[in-house]
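>>> Fold the following for me, if possible:
(chains A and B)
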Amino acid sequence: MPSLKDLRNRIASVKATQKITKAMKMVAAAKLRRAQEAAEAARPYAERMDQVLANIAVAFEGRDDAPKLMSGTGHDQVHLLIVATAERGLCGGFNSSIAKLARERARSLIAQGKEVKILCVGKKGYDAIKREFGKLVLRTIELRGVKSIGYANAAEIADLVLSMYDKGEFDVCTLMYAEFKSVISQVPTALQIIPAKLPEGKVSSDAAQVYEYEPDEAEILTDILPRNIAVQIFRALLENAASEQGARMSAMDNATRNAGDMIKKLTLKYNRQRQAQITKELIEIISGAEAL
Amino acid sequence: MAQPFQFELVSPERLLVSEKVLEVTVPGSEGEFGVLKDHSPFMSTVRPGLLKVRKDGGQVVEFFVRGGFADVNGNGLTVLAEMAVPVTELKADVLAQHVKDAEEDVADARDDASRQKAEMLLSQLREIQAALKAA
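Residues are numbered from 1 along each chain as shown, chains lettered A, B, ... in the order given. Just a heads-up that it's a prediction; the model follows:
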């Protein structure tokens, strides 16, 4: 049975924790709004990019001189998984659900006899993967010092991936991140970026028009495809940032509520015990007086 | 009198312009080209340079754009630029940094093709620098 003093201390400590989780929730809410705005601002670019790619792809239909980024290397032996997670923890199941998806994918690929290479973006993903697949991780890119993710960050990762692809170090590249659905729901997603999967069924009526290209289609396509990789990565990073804050917000909201429940229970226990002690003392005094 | 048409300038980070304009001059990789209403469908890559927009009211706005492409279709003109900054916000030192990076690229280039590419970029950037100084 804890003493009254112990109970008092515990209540104070839970209260302090509750204050922290409450503050973290509010910080996450503010950051979430910013991250969501950034994700929304980036959307038009990605949408137009999809459209343009779809238009050009029509011009390439049935031709076999399409760039390697689109047609692939012809094998699917070596897979590169880019695992994008957060730099910080305390955000519910966010990091672990992405890492779980990555581990499952890696396991199934290895079971099929494929070779797997992993590129981690964000420290938490590496922490979760290194025990099982530590040897397969080529590099971890940390974005810890980065306050808000800019296009330059994504372009850097894209450059790295593209130079590896040019050297023939992998055949298929899959990007893993959490898609932001809402504050309470983030869906871990695997997206194949190399070879490029072209958006289907989005071909606008303009595609039927005769486009004039300058320089020619092939050159434009070789210019656009690497950019498209960078844009895809950029979008994934932004989605991830919003998801992370959303996950943290709901996790911290839960924690605050749990702390509140705990304080209630502890306070009840404390009051009962205090009453019991007073009663006990009274009985002692009365019985002592009666004995006289 | 020129007719207004829809023009959009988009960078990965945000949508900079989306409005009706009279005329846009785009620095295409194979030469500048002007776009008016009902231009035939056309697509071109963009070299670093100044993009001039004549707005509905007649005033001219300039943007520094780098890397990307322009797409003209029935709905109007869309320029997707990796970097796009209004000239009024473009600082001389930012541009100087770009020039310096380009110079380093030239120095680092290993084969002829990449050196040629880097040199071209450098000369284009210097051109802009000179044009801005003159203005």
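>>> going forward, measure contacts between C-alpha atoms and count neighbours the same way
Noted.
>>> Up against chain B, what does chain A have?
Counting by CA under 8 Å from any CA of the partner chain, the positions of chain A adjacent to chain B are A:38, A:41-42, A:44-46, A:48-49, A:52, A:150-151, A:206, A:209-215, A:220, A:223-224, A:231.
>>> Spit out the contact partners of the residue lying closest to A:G89 once chain neighbours are set aside.
Take A:G89 and drop its neighbours on the chain: the residue closest to it by CA to CA, 6 or more residues apart in numbering or on different chains is A:K124, 7.0 Å away. Counting by CA atoms under 8 Å, 6 or more residues apart in numbering or on different chains, A:K124 touches A:85-89, A:95.
>>> Return the members of the residues of chain A next to chain B classed as buried.
A:38, A:41-42, A:44-46, A:48-49, A:52, A:151, A:211, A:213-214, A:220, A:224, A:231 (16 or more other CA atoms under 10 Å in any protein chain shown).
>>> where does the residue lying closest to A:S71 once chain neighbours are set aside fall, phi/psi-wise?
Spatial nearest neighbour of A:S71, chain neighbours left out: A:P195 (6.1 Å); criterion: CA to CA, 6+ apart. Main-chain torsions, A:P195, degrees, to the nearest 10: phi -60, psi 150.
>>> Count the neighbours of A:P195 for me.
With neighbours defined by other CA atoms under 10 Å in any protein chain shown, the count for A:P195 comes to 20.
>>> Among the contacts of A:K124, the buried ones, what's the ChimeraX command?
Here is the ChimeraX command that picks out the buried ones among those, judged by 16+ other CA under 10 Å:
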select /A:85,86,87,95
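>>> With secondary structure and pLDDT as added columns, please give the contacts of A:K124 in a markdown table.
What follows is the contacts of A:K124, written out as a markdown table (DSSP: H, G, I helix; E, B strand; the rest coil; pLDDT from 0 to 100):
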| residue | secondary structure | pLDDT |
| --- | --- | --- |
| A:T85 | coil | 91 |
| A:A86 | coil | 90 |
| A:E87 | coil | 89 |
| A:R88 | coil | 88 |
| A:G89 | coil | 88 |
| A:N95 | helix | 92 |
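>>> First-to-last residue distance for stretch A:54-73?
21 Å (CA to CA, to the nearest Å).
>>> just to revisit the earlier point, give the contact list for the residue nearest to A:S71.
A:P195 touches A:68-72, A:171-173, counting by CA under 8 Å, 6+ apart.
>>> all strands of chain A, in order?
A:78-84, A:115-121, A:137-141, A:172-182, A:185-194, A:212-214 (DSSP state E).
>>> elements contacting the first one?
If I follow you right, that is strand A:78-84. Strand A:78-84 sits against helix A:94-111, strand A:115-121, strand A:172-182, helix A:217-291, with contacts defined as 3 or more CA pairs under 8 Å, 6 or more residues apart in numbering or on different chains; DSSP states H and E.
>>> packing partners for the last one?
Applying 3+ CA pairs under 8 Å, 6+ apart, we find helix A:217-291 packed against helix A:4-60, helix A:68-71, strand A:78-84, helix A:94-111, helix A:151-166, strand A:172-182, strand A:185-194, strand B:42-45.
>>> chain center to it, what's the gap?
Here helix A:217-291 is found 19 Å from its chain centre; the criterion is CA atoms, centre = their mean, to the nearest Å.
>>> Repeat that for the second one.
Taking the mean of its C-alpha atoms, strand A:115-121 sits 16 Å from the chain's own mean (CA atoms, centre = their mean).
>>> Who does it pair with, and is each partner parallel or antiparallel?
strand A:78-84 (parallel), strand A:137-141 (parallel) (DSSP bridges).
>>> With mean pLDDT as added columns, please give these in TSV.
Formatted as TSV, the strands paired with strand A:115-121 follow (pLDDT from 0 to 100):
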stretch	mean pLDDT
strand A:78-84	92
strand A:137-141	87
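>>> So, low pLDDT: which residues of the chain?
All of this refers to chain A. Along chain A, segments meeting pLDDT under 70 span A:59, A:61-66, A:198-209.
>>> looking at chain B here, not the other one
Applying pLDDT under 70 to chain B picks out residues B:1, B:134-135.
>>> now the strands for it?
B:5-10, B:15-28, B:31-35, B:42-45, B:49-55, B:60-73, B:76-86.
>>> Go through the ones you listed and pick out the most buried.
strand B:42-45 (a mean of 24; mean count of other CA atoms under 10 Å in any protein chain shown).
>>> For B:L50, list the residues it contacts.
Contacts for B:L50 (CA under 8 Å, 6+ apart) come out as B:26-27, B:62-65, B:128.
>>> Closest one to chain B out of the contacts of A:P195, please.
Sorting the contacts of A:P195 by how near they are to chain B, with CA to the nearest CA, puts A:L69 at the top with 17.8 Å.
>>> Nearest residue to the closest one in space, ignoring adjacent ones along the chain?
A:P195 (5.1 Å).
>>> any idea how far the one you found is from chain B?
Distance of A:P195 to chain B, given as CA to the nearest CA, to the nearest Å: 21 Å.
>>> tell me the contacts of the spatially closest residue to A:R274 that is not a sequence neighbour?
Counting by CA to CA, 6+ apart, A:L4 is the residue found nearest to A:R274 once chain neighbours are left out, at 7.1 Å. Each residue near A:L4 by CA under 8 Å, 6+ apart is listed here: A:270, A:273-274.
>>> Filter those residues down to the buried ones, PyMOL style.
A single PyMOL command selects the buried members of those (16+ other CA under 10 Å):
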select buried, chain A and resi 270+273
